[in-house]
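Novice: okay, sequence plus prediction incoming.
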There are 2 protein chains.
Amino acid sequence: MNADFDYDLICIGSGPAGQRGAIQAAKLGKKVAVIEKRRCVGGVCLETGTIPSKTFREAINTFVSHQQQSKGLGFTPRTKVDITTLLSRVNRVIQEESEIQQDQLQRNDVNIILGTATFKNAHKIEVKTDEGVQTLSSKYFLIAVGTQPSVPKGIQLDNETIILSDGILDLNSLPRTMAVVGAGVVGMEYATMFAALGIQVTVIDKRDKPLGFLDHEIIDELMYQMRDKRGTFRLGEEVTHLGIIENGKKKQGLIQLESGKHIIADLILYSAGRVGAIEQLKLKQAGLKADSRGRLKVDNSYRTSVKHIYAAGDVIGFPSLAATSATQGRLAACHMFGVKSKPMGEYFPFGIYSIPEISMVGATEEELTRAKIPYETGIARYREIARGQIMGDNTGLLKIIVHRETEKLLGVHAIGTGVTELIHVGQAVMQLNGKLDYFMQTVFNYPTLAECYKVAALNVSNKLQYSSLAKAIAV
Amino acid sequence: MNADFDYDLICIGSGPAGQRGAIQAAKLGKKVAVIEKRRCVGGVCLETGTIPSKTFREAINTFVSHQQQSKGLGFTPRTKVDITTLLSRVNRVIQEESEIQQDQLQRNDVNIILGTATFKNAHKIEVKTDEGVQTLSSKYFLIAVGTQPSVPKGIQLDNETIILSDGILDLNSLPRTMAVVGAGVVGMEYATMFAALGIQVTVIDKRDKPLGFLDHEIIDELMYQMRDKRGTFRLGEEVTHLGIIENGKKKQGLIQLESGKHIIADLILYSAGRVGAIEQLKLKQAGLKADSRGRLKVDNSYRTSVKHIYAAGDVIGFPSLAATSATQGRLAACHMFGVKSKPMGEYFPFGIYSIPEISMVGATEEELTRAKIPYETGIARYREIARGQIMGDNTGLLKIIVHRETEKLLGVHAIGTGVTELIHVGQAVMQLNGKLDYFMQTVFNYPTLAECYKVAALNVSNKLQYSSLAKAIAV
């Protein structure tokens, strides 16, 4: 502890980055505080993003599988579920998870302060709490404030008919029709969840594909399945007006597109873009400047341009995943206090908690084609695998991409039940330099979804053999 | 094709070993037949073991989770499920899976013959089918007949009150109480399934632990959970008598133990030991001899003492897993026809489809202690992980064992939802020589069960640090 400062480290924000950074520093014997601007009974509030949306998804999945299972068990399925039931489960999990996280911080002697932080200078912040204002100094800071939705001027939210994703948890009833503006991760997660409940969903985006960073075969599969549930995509379309119309007694949302189309829906979810939640920080007073989207630039050690102020998580931009943010927070704390630590694994997975869920690790076909890296692909569909049969999931699929010559694994792309778990097998093989033969030689538990790796590998191997045959003939 | 013989390869038995062997040989352009002694509409019959029991388990899991979900969704759960409902799902999956497997054989031009095979000499078999007897010759044979339950003399099965595991699929009603004799894989899988349905189950074994090859901490957890569902263990007990008593209008089973105890149950499942299903083969006429338990000895290439007769799968004993059997069949076929293939991966996983499921790869603590290999363990419990919270599984756990000095991963042991899938991450790390730091550096999707690996690794790492501290102090 440095006597010149109140703390060794103050983390601003208690999401995955702030939490992990704080705990790491505390484990090194440092005096640490976490400032959290949200309030919630039980202490630290969970971010409004990851856990609530994942729990909401689980509740919906539960209802949908409950319906399927009822049929399977010969019971008459209940066709209605109300939003209160779904949300009560969400709130229970948030409560529990919040308590666990608070416990963990307190067990490590991290001070939790509920309030809003503002920089006074590069070593001092002012925190507005319910009890008043306090000034705190610290040797190091970790800015982990995350992001917030950005709403263009002219778009009016009434938080009832036109809402942001945070507003999902305040819904009083389920809509019959819904429109989602913005086909990014948050937009697509909620769009597929509501579609799974039988709600007619229209997705609008100015880009020509939802989730464009994914392998296109997976995007196509997602779109196919979404359309199969009565979903509609309006892509390459610009929204010119969002408004509310009174339709008899009922309020509805109206979207006008530049192409002249009108979309009317009971609920409009606006999820086009997020910006760094830096407003109240007054970064300038610490000598910092964010970019036009509220993002901070950091070096390899997560240090901003002011050497003792670090930043981690969504506020530094890509990849903005809970898992990577937590790791960034930990690595930032290690760097501050001179602890050597290996950098983050090169291959981190993406998990999209849509219904069905999507996950990927490594390169997409599109990236490899652009880079002129020769590859071959192999696909396994759940319906070919005993486990898929047993589960009754016949839409899932897993694709592996292998270097045509070295046979090194270059990417894994999957959509279907459990793929956010399944992807970690491919990730380990990539990170540890495994090749195609790993999957050929390996015995997988039977029956499991992991067998998809073997089926996909056999598929690649067959293609490679045919192609070496073709080469032999060509010569 | 060798003109001297009807076939290049005849596989006797169409379980995982026979099927995979046949397909591999067919892919190499060989003429292949598969002989299957069981009959079932739709062609090749599935073995009575793996798929039916796994599907039965899935149906039970469905019912149990349906009950939990009903409560979660605020519906009144149905408390009764009848056996017909459960079994209809099983039969549907068997039918589908059977068709897929038959298709696969036929697509590869494998001849499927339903009948019983008997060796006439080392190159010739006689097959009794519904249409009569045919004699077939082959250059190579693959014996993949599997095993069958072994019932000691003096034990009378009536297939209603006292049954073998195959008889589960013929049950007319669910018992209120049940006794399982033999706490091996099959016995424990069914014991835990029936316990999950609320049936009071007693497990009897002469050994002092069920599934003794598992890591003991996992066994203890399984026993704890089984007892929590009103299960009873009678271990180190010898059965002296099995009989049926008439209790009013109701028949019940009676088990007498050498210790003097009596156990009365509506249903007795006898699952103590299996022997190779070699009776009808008349191995002697091919110049072969099985051991006292009907098992055949093979070399590293799965060749018996007669050089052109191979054996694979349960009939050659350990490890007797569907997945390893399939690989053995494939490797045997490769060896016959001179195709070089890498041997089976060193680390294959064990999957026990009990409720909850169990899986392991690598060494147990007991094995390492006996071998005097110094290790440290790390444990993650599902209730500490966000994904466990979301799923509501707070009993699952994953343990990793790491070499104390080299930090190499030596074993992974897990019990809980999805562990038969989860284990493959640890398996890849072990097989590809990963160490503790793999899990420390790796980013896992959030929220997933795979995060258990990271939590367990941090746990090991903390212990190793404390212990190097202890060493420093000791010096």
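Specialist: All right, it came through fine.
Novice: going forward, measure contacts between C-alpha atoms and count neighbours the same way
Specialist: Fine.
Novice: ok, and what's touching stretch A:413-422?
Specialist: A:215, A:218, A:221-222, A:350-352, A:355-361, A:364, A:393, A:395-400, A:423, A:449-450, B:421-422, B:445, B:448-450 (C-alpha atoms under 8 Å, 6 or more residues apart in numbering or on different chains).
Novice: which of those residues count as buried?
Specialist: Listed as buried from the contacts of stretch A:413-422 are A:215, A:218, A:221-222, A:350-352, A:355-361, A:364, A:393, A:396-400, A:423, A:449-450, B:421-422, B:445, B:448-450; burial here means 16 or more other C-alpha atoms under 10 Å in any protein chain shown.
Novice: among those residues, which ones are in strands?
Specialist: Among the buried ones among the contacts of stretch A:413-422, the members found in strands (DSSP state E) are A:350-352, A:358-361, A:397-400.
Novice: and the stretch 301-450 of chain A, which of its residues are near chain B?
Specialist: Taking C-alpha under 8 Å from any C-alpha of the partner chain as the criterion, the stretch 301-450 of chain A approaches chain B at residues A:321-324, A:327, A:342-345, A:347-351, A:384, A:386, A:389-391, A:420-422, A:424-425, A:428-429, A:432-434, A:441-450.
Novice: narrow these to those that are buried.
Specialist: Buried, going by 16+ other C-alpha under 10 Å: A:321-324, A:327, A:344-345, A:347-351, A:384, A:386, A:389-391, A:420-422, A:424-425, A:428-429, A:432, A:434, A:441-450, out of those.
Novice: in helices, which of those fall?
Specialist: If you go by DSSP state H, those have A:322-324, A:327, A:386, A:389-391, A:420-422, A:424-425, A:428-429, A:441 in helices.
Novice: contacts for stretch A:260-279, please.
Specialist: By C-alpha under 8 Å, 6+ apart, stretch A:260-279 touches A:145-151, A:160-165, A:175-184, A:186-187, A:251-256, A:293-295, A:314-315.
Novice: and it, which residues are buried?
Specialist: In stretch A:260-279, counting by 16+ other C-alpha under 10 Å, buried: A:263-278.
Novice: got the end-to-end distance for that stretch?
Specialist: 36 Å (C-alpha to C-alpha, to the nearest Å).
Novice: do the same with stretch A:422-440
Specialist: End-to-end for stretch A:422-440, by C-alpha to C-alpha: 17 Å.
Novice: report the buried members of the contacts of stretch A:260-279.
Specialist: Among the contacts of stretch A:260-279, those classed as buried by 16+ other C-alpha under 10 Å are A:145-151, A:160-165, A:175, A:177-184, A:186-187, A:252-256, A:293-295, A:314-315.
Novice: check which helix or strand the residue of the stretch 101-250 of chain A found nearest chain B maps to.
Specialist: Per C-alpha to the nearest C-alpha, residue A:101 is where the stretch 101-250 of chain A lies closest to chain B, at 9.6 Å. Applying DSSP states H and E as the criterion places residue A:101 in helix A:83-107.
Novice: test my guess that residue A:18 contacts residue A:34.
Specialist: Yes: counting by C-alpha atoms under 8 Å, residue A:18 touches residue A:34, with 7.2 Å between them.
Novice: so for those two, which residue has more residues nearby?
Specialist: residue A:18 (33 against 28; other C-alpha atoms under 10 Å in any protein chain shown).
Novice: is the more buried one located within a strand, as I assumed?
Specialist: No: Residue A:18: not assigned to a strand; according to DSSP: H, G, I helix; E, B strand; the rest coil it is helix.
Novice: from residue A:33, how far off is it?
Specialist: 10 Å.
Novice: shared neighbours of those two, anything?
Specialist: residue A:11.
Novice: sorry, back to before: following the helix holding residue A:101 in sequence, what is the next regular element?
Specialist: strand A:111-114.
Novice: tell me how far that following strand is from the chain's mean position?
Specialist: Relative to the chain's own centre, strand A:111-114 is displaced by 26 Å; criterion: C-alpha atoms, centre = their mean, to the nearest Å.
Novice: if anything else comes up later, I'll come back, but that's it for now.
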